[in-house]
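K.L.:
quick one: sequence plus predicted model below, questions after.
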Amino acid sequence: MTRKRRWRYYCDFCRKSGGSGGHIAAHERGCTLNPNRTCGMCAAIGNPTRPMAELIAAFESHGSDWAAGLSALKYLCDDCPACILAAIRQSPAWQKAREEAEERCQPGPELDFDFRADVAEFWREMNAARSAADPPGFYEPGPGLLCEPAENWR
Ligand SMILES: [Zn+2]
Ligand SMILES: [Zn+2]
């Protein structure tokens with residue numbers, strides 16, 4: 001009989017866990033709930049990560065006009081889906097607006113933002129650009145990008 005104990009690693013910010021410390025550490029660096037995250041998608045296109053405070057401020061800059069806030073946010077982070085998702089998830093005003101609507105049993109504010117589709121599009125463009133310049137070789141989304149099922153994103 002063999003008996004083994006294995007370490008399990010947990011992200012400090014979301015509920016993701018795994019058996020590989022390196023994988024979870026990489027996830028944690030880019031986790032969309034990490035207030036000091038370094039964005040793997042921005043890095044992939046050579047952009048620095050905008051500080052979360054700036055991204056959140058842009059998203060909240062138009063009060064309850066969330067569509068305008070989303071535009072400002074997109075502009076600031078160069079349309080990076082991971083940074084957009086991070087700002088939405090970490091915005092206190094957005095969370096509050098949704099909670100208040102829930103308390104009144106009203107539909108919460110909605111956003112025209114499809115994280116999964118935008119991420120897919122991001123990597124499609126990336127691979128097209130890369131295979132033209134330097135074939136073959138493809139970028140894959142790193143482990144830091146996706147951490148929870150869609151229903152938990154907001
Ligand atoms: Zn996480
Ligand atoms: Zn980003």
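P.N.:
That came through, no problem. These numbers were taken from a predicted model, which means no experiment stands behind them. Numbering: from 1, shown residues only. Ligands and ions are numbered 1, 2, ... in the order given.
K.L.:
in this protein, which spans are strands?
P.N.:
All strands of the chain, identified by DSSP state E, fall at 9-10, 17-18.
K.L.:
now, of those strands, which is deepest in the fold?
P.N.:
Compared across the strands of the chain, strand 9-10 shows the largest average neighbour count, a mean of 14 (mean count of other C-beta atoms under 10 Å). Where you see a C-beta, it was placed from the backbone N, CA and C, and this is true even at glycine.
K.L.:
next, see if stretch 42-59 gets close to ligand 2.
P.N.:
Yes - Stretch 42-59 is in contact with ligand 2 by C-beta under 5 Å from the ion, via residue 42.
K.L.:
now that stretch - C-alpha only, PDB.
P.N.:
In PDB, the C-alpha atoms belonging to stretch 42-59 read as follows (Å, rounded to 0.1, in the frame of the first residue of the first chain):
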ATOM      1  CA  CYS A  42      -1.600  43.200 -21.900                       C
ATOM      2  CA  ALA A  43       1.900  41.800 -21.600                       C
ATOM      3  CA  ALA A  44       1.300  39.600 -24.700                       C
ATOM      4  CA  ILE A  45       0.700  42.700 -26.900                       C
ATOM      5  CA  GLY A  46       3.500  44.700 -25.200                       C
ATOM      6  CA  ASN A  47       1.300  47.000 -23.100                       C
ATOM      7  CA  PRO A  48       2.000  47.700 -19.500                       C
ATOM      8  CA  THR A  49      -0.700  46.800 -17.000                       C
ATOM      9  CA  ARG A  50      -2.700  49.900 -16.000                       C
ATOM     10  CA  PRO A  51      -3.100  50.200 -12.300                       C
ATOM     11  CA  MET A  52      -6.500  48.800 -11.100                       C
ATOM     12  CA  ALA A  53      -7.300  52.200  -9.400                       C
ATOM     13  CA  GLU A  54      -7.100  53.900 -12.800                       C
ATOM     14  CA  LEU A  55      -9.200  51.200 -14.600                       C
ATOM     15  CA  ILE A  56     -11.900  51.300 -11.900                       C
ATOM     16  CA  ALA A  57     -12.000  55.100 -11.900                       C
ATOM     17  CA  ALA A  58     -12.500  55.000 -15.700                       C
ATOM     18  CA  PHE A  59     -15.300  52.500 -15.400                       C
END
